[in-house]
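*Asks:* sequence-free structure coming up:
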């Protein structure tokens, strides 16, 4: 990664961003949001039996030039390349996912950005639950954006726990600590997440992308669109129409036949 140079213009064009890239919070927030709204979260290379490479040139080829999406290691990997290119001070972190109650291993890849004396948790790759804005590394401080609220709390076992508010209750999303992460840690997490039979990314088909006042999500054979609180659900059929939905709703053009996808378990 040290010898890799990101083409900033290609990246900015891919995320439809024409704003500032200065090393300040407003630029950080805007760049992250632009990528999140332009590049979908998806796992369809895994569904095709392909490996997930995190080499910078492969990330650029897939996510920028081929206009595909990816999951946390890819999406935040690309965002990290961009932020470092723009001069931001960054640190890679690995987190445990708590959505199912029992925490996972360190399988979620996120970025810590330092601006002056402040640190921000930056994430563009947590699927439908992705925080919409950078989260300040300050415990018990509620951060709200577009009707969604988040906070970090201190966890004795896991470091910092990121939570999202649902009505009056707070739901655990994932936890991170600030321990050093080396390339081998990332390789281990990426390999497990993309190959283990226990991984949701191996078990199912997933795609999601935010839209204005809502989001679009695909899980296995169901497509869901929620805009302004109104929910539309479509049960999908096997065949080429499935791939048409992927391309129309998420911009994911696989260039394969439906039969090339691994059967659902």
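*Replies:* Done, it's in. Given the structure is predicted, the values throughout are model-derived calculations rather than measurements.
*Asks:* burial measure for residue 247, as a count.
*Replies:* Residues near residue 247, counting by other Cβ atoms under 10 Å, number 12. Quick note: C-beta positions are derived from backbone N, CA and C, even for glycine.
*Asks:* ugh, wrong one, residue 261
*Replies:* 17.
*Asks:* Same check on residue 24?
*Replies:* 12.
*Asks:* Which positions in stretch 235-242 come out as buried?
*Replies:* Along stretch 235-242, these residues count as buried under the neighbour rule (16 or more other Cβ atoms under 10 Å): 236, 242.
*Asks:* Now do it: everything it contacts.
*Replies:* 218, 221-223, 245, 257-258 (Cβ atoms under 8 Å, 6 or more residues apart in numbering).
*Asks:* Can you add neighbour count and give those back as a markdown table?
*Replies:* Below are these laid out as a markdown table (neighbours: other Cβ atoms under 10 Å):
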| residue | neighbour count |
| --- | --- |
| 218 | 26 |
| 221 | 14 |
| 222 | 12 |
| 223 | 20 |
| 245 | 17 |
| 257 | 10 |
| 258 | 14 |
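*Asks:* Take these and write them to TSV, including pLDDT.
*Replies:* Shown next, in TSV, are those (pLDDT from 0 to 100):
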residue	pLDDT
218	98
221	97
222	98
223	98
245	96
257	97
258	97
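*Asks:* Which two of these have the greatest separation?
*Replies:* Spatial extent of the contacts of stretch 235-242 (Cβ to Cβ) is set by the pair 222 and 257 at 21.3 Å.
*Asks:* shaky segments in this structure?
*Replies:* 1-2 (pLDDT under 70).
*Asks:* how about the strands of it, start to end?
*Replies:* According to DSSP state E, the chain carries its strands in the segments 41-42, 89-97, 106-115, 118-122, 135-136, 143-145, 148-155, 159-166, 169-176, 206-211, 214-219, 222-227, 230-235.
*Asks:* Deepest-packed of those, please.
*Replies:* strand 41-42 (a mean of 26; mean count of other Cβ atoms under 10 Å).
*Asks:* so what secondary structure elements neighbour that one?
*Replies:* Packing contacts for strand 41-42, counted by 3 or more Cβ pairs under 8 Å, 6 or more residues apart in numbering; DSSP states H and E, involve strand 206-211.
*Asks:* Off-centre distance for the strand it packs on?
*Replies:* 10 Å (Cα atoms, centre = their mean, to the nearest Å).
*Asks:* Name every strand pairing with it and say which way it goes.
*Replies:* strand 41-42 (antiparallel), strand 214-219 (antiparallel) (DSSP bridges).
*Asks:* Reformat these as TSV; add distance to residue 94.
*Replies:* TSV is the format used below for these (distance: least, Cβ to Cβ, whole Å):
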stretch	distance to residue 94
strand 41-42	18
strand 214-219	25
